[in-house]
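A.B. asks: Provided below are the primary sequence and the corresponding predicted coordinates.
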Amino acid sequence: MVNRKQIWLFLLMVGLIVNSSFAQTDVALDPEFGARVSAGIDKRITKGFHISLNEEVRFDNNFRSFDRLQTELGLSYKVNPYLKFGLGYLFIAPYSSSKSAFKNLRHRLYADVRGTVHAGRWAFSLRERIQWTYRQGDFNDFQYPRNAFTLKSRLKVKYNTRIASPYLYFELRNFLNAPTIHANFDGTNYLTDEGAVSDEPGWFLGGFKDGYVNRYRSCLGVDLRLSQHNKLNVYFFGDWVVDKVVDANSAGTKLKSYTKQQGFVGSLCAEYIYAF
């Protein structure tokens, strides 16, 4: 008959096994703030059908560093007051302050659908956006997929007036194909798999199948109608960032660390649009 001491011993062994195979550690990041400034045009082609072009510059590191340039070309079609579809392309040029150059250029395609319900001046909307991002350049394929897929879900409420329309939204961003890591970890070091030869790594990349929410975003802003054709959107949003970060050598033979980094990033933003 199994006694209480044997049960506790068994649970302790299970706990040690779980702890030794768990490869991910949590890292808390310091809060960071940045800014985004953009300008664009919005051209009406026919009723409900628009084409837009937007140029954006971003700053990070508490407003001290230039982060990226971003160009966006978009198409949208409003079927009726309740349903709208969109397609778009973004060219993203991240900037490296240490190298004084743009690096790892990215190309992004997206498609979205938005449903809206109106109640007087109030508008409640839900938007679902799927996006694919291709990353150019030389980087470690064991740390990040060259082709990244994400799904963004946004719930927004807006109060419409003739001049100033305040709004609030909450958004989740799902990383659909993050790296899948399998590793033995003793709490300090990554270990060689049992039965493997001494120079084999104690981990392997099981493809890019891991899915998780890596951004929790809330935003407060106001749309300002300056004139018939000129609009200004001023807003502040906060991101709760959750990133699973893999640090491995380029040959995939050594896993240096596998961490879940969490922290807050806030951005003050202004967008000017000329609509005609």
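C.D. replies: Sure thing, it's come through.
A.B. asks: any idea how far Ser125 lies from Gly211?
C.D. replies: Distance, Ser125 to Gly211, using C-beta to C-beta, to the nearest Å: 25 Å. Bear in mind the C-beta positions are built from the backbone N, C-alpha and C, glycine included.
A.B. asks: More neighbours: which of those two?
C.D. replies: Neighbour count, other C-beta atoms under 10 Å: between Ser125 and Gly211, Ser125 has more, with 18 against 15.
A.B. asks: list the contacts for that one?
C.D. replies: Applying C-beta atoms under 8 Å, 6 or more residues apart in numbering, we find Ser125 in contact with 114-117, 154-158.
A.B. asks: Count the residues that sit near Phe49.
C.D. replies: When neighbours are defined as other C-beta under 10 Å, Phe49 has 12 of them.
A.B. asks: Name the secondary structure element that contains the spatially closest residue to it that is not a sequence neighbour.
C.D. replies: Distances taken as C-beta to C-beta, 6 or more residues apart in numbering put Tyr77 closest to Phe49, at 5.1 Å, once the chain neighbours are dropped. Taking DSSP states H and E as the criterion, Tyr77 maps to strand 65-80.
A.B. asks: Repeat that for Lys84.
C.D. replies: Element membership for Lys84 (DSSP H and E) is strand 83-96.
A.B. asks: what does Ser153 give?
C.D. replies: In this assignment (DSSP H and E), Ser153 forms part of strand 147-159.
A.B. asks: What strands line up against that strand, and which way round?
C.D. replies: Here strand 147-159 is paired, per DSSP bridges, with strand 122-135 (antiparallel), strand 164-178 (antiparallel).
A.B. asks: Could you dump those into a markdown table and include distance to Asp42 and mean pLDDT?
C.D. replies: Shown next, in a markdown table, are those (distance: least, C-beta to C-beta, whole Å; pLDDT from 0 to 100):
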| stretch | distance to Asp42 | mean pLDDT |
| --- | --- | --- |
| strand 122-135 | 17 | 98 |
| strand 164-178 | 16 | 97 |
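A.B. asks: quick one, which of those strands is nearest to Leu69?
C.D. replies: Closest to Leu69 of the strands paired with strand 147-159 is strand 122-135 (C-beta to C-beta; 15.7 Å).
A.B. asks: So which of the contacts of Ser125 is the closest to Phe170?
C.D. replies: Of the contacts of Ser125, the one sitting nearest to Phe170 (C-beta to C-beta) turns out to be Leu155, at 5.4 Å.
A.B. asks: What does the pLDDT read for that closest one?
C.D. replies: pLDDT recorded at Leu155 is 98.
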